[in-house]
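**Student:** sequence? don't have it. structure:
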């Protein structure tokens, strides 16, 4: 009988959704158990299923994909992603306002966190698995996040537009206060960390490969100082606009062209800055030419070590 029920649940989970709601009706306590043989939770599976409070997976789960809008607006309060999952699709946990935590099983194979995956969820902290390569557009926008940690050995390449924008915690008001960017990241998208009114400390792992900082990337953050990785080739429109506490920015010498849009540092506290000779910048902040030696400016490794110890 149990096997027949399990097979029926698998069939339900694999079936296309005709409408929103609870694909599997939770029990009286709001619980649903997903069979280990399930490989995909389809789009809209528990879309605004407010009676769903807790979803667990049988031991040995083979789940690979959590579909778009799968749990959007549901009543989940926490969630543990099976190690076998490689993709969290767009809006998978969007508007899960009562979901305060999400965890990942040891050995997580997750690679993709889709667009708006946790948009406006109630998450207060998250440790992103080392296997994650891309974090999508608005993935964590508007969450209650106070702590974001990238697991040791992170393979992250891209933080998309708005991914960690407007993090505002209803309890302490300030939201995220510091962030350590993995060395493997090459792109920080437009508005990726914008409107984080408590974000005062941004550091990069030693050996950063960052190339692009998108427009409004750190807009309106209370950053006081910033070390630009030597690998950066472009800083786009208004990336640090209205960072009024920013009084120090450090660049490294390099032989590649660095393009800084003219209004990147508008309404900051910068009085002047030293730029590499290969820089193209026509903004209003007075500049001098960076005195290059064989030894580049001190990296942020010490700051990174301090940040990791704090977590």
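**Tutor:** Yep, that arrived. Keep in mind it's a predicted model, so treat the numbers as computed, not measured.
**Student:** contacts and neighbour counts: CA atoms only from here.
**Tutor:** OK.
**Student:** Now for residue 74: which residues touch it?
**Tutor:** Residues near residue 74 by C-alpha atoms under 8 Å, 6 or more residues apart in numbering: 46, 47, 48, 49, 50, 51, 52, 53, 95, 96.
**Student:** same question, residue 288
**Tutor:** 272, 273, 274, 275.
**Student:** Need the per-residue pLDDT for it.
**Tutor:** Residue 288 is assigned a predicted lDDT (pLDDT) of 96.
**Student:** likewise residue 304?
**Tutor:** Confidence score, pLDDT, at residue 304: 48.
**Student:** Just the buried residues of the contacts of residue 74.
**Tutor:** 46, 47, 48, 49, 50, 51, 52, 53, 95, 96 (16 or more other C-alpha atoms under 10 Å).
**Student:** The first one should be in a helix, yeah?
**Tutor:** No: in this structure, residue 46 is coil, not part of a helix, as judged by DSSP: H, G, I helix; E, B strand; the rest coil.
**Student:** Can you verify my assumption that it contacts residue 32?
**Tutor:** No: using C-alpha atoms under 8 Å, residue 46 is not in contact with residue 32; the gap is 10.7 Å.
**Student:** which residues do those two both contact?
**Tutor:** 24, 52.
**Student:** What are the boundaries of the strands in the stretch 151-300 of the chain?
**Tutor:** 158-159, 178-181, 187-188, 201-204, 212-213, 225-227, 234-235, 248-250, 258-260, 273-275, 279-280, 287-289 (DSSP state E, counting those that start in this stretch).
**Student:** Paired strands for the second one, with orientation please.
**Tutor:** Paired with strand 178-181 in the same sheet, following DSSP bridges, are strand 201-204 (parallel).
**Student:** quick check, distance from the partner strand to the centre of its chain.
**Tutor:** From the chain centre to the centre of strand 201-204 is a distance of 14 Å (C-alpha atoms, centre = their mean, to the nearest Å).
**Student:** Would you mind measuring from residue 287 to residue 240?
**Tutor:** Distance, residue 287 to residue 240, using C-alpha to C-alpha, to the nearest Å: 16 Å.
**Student:** quick one on the thing from earlier: residue 249: which of the buried ones among the contacts of residue 74 is nearest?
**Tutor:** residue 95 (36.8 Å; C-alpha to C-alpha).
**Student:** list the buried ones in stretch 139-155?
**Tutor:** 139-151, 154-155.
**Student:** ok, residue 43 touching residue 69?
**Tutor:** Yes: if you go by C-alpha under 8 Å, residue 43 and residue 69 touch, sitting 5.7 Å apart.
**Student:** What count of nearby residues applies to the closest residue to residue 230 other than its chain neighbours?
**Tutor:** Excluding its sequence neighbours, the residue lying closest to residue 230 (C-alpha to C-alpha, 6 or more residues apart in numbering) is residue 252, at 5.0 Å. By the criterion of other C-alpha atoms under 10 Å, residue 252 has 22 neighbours.
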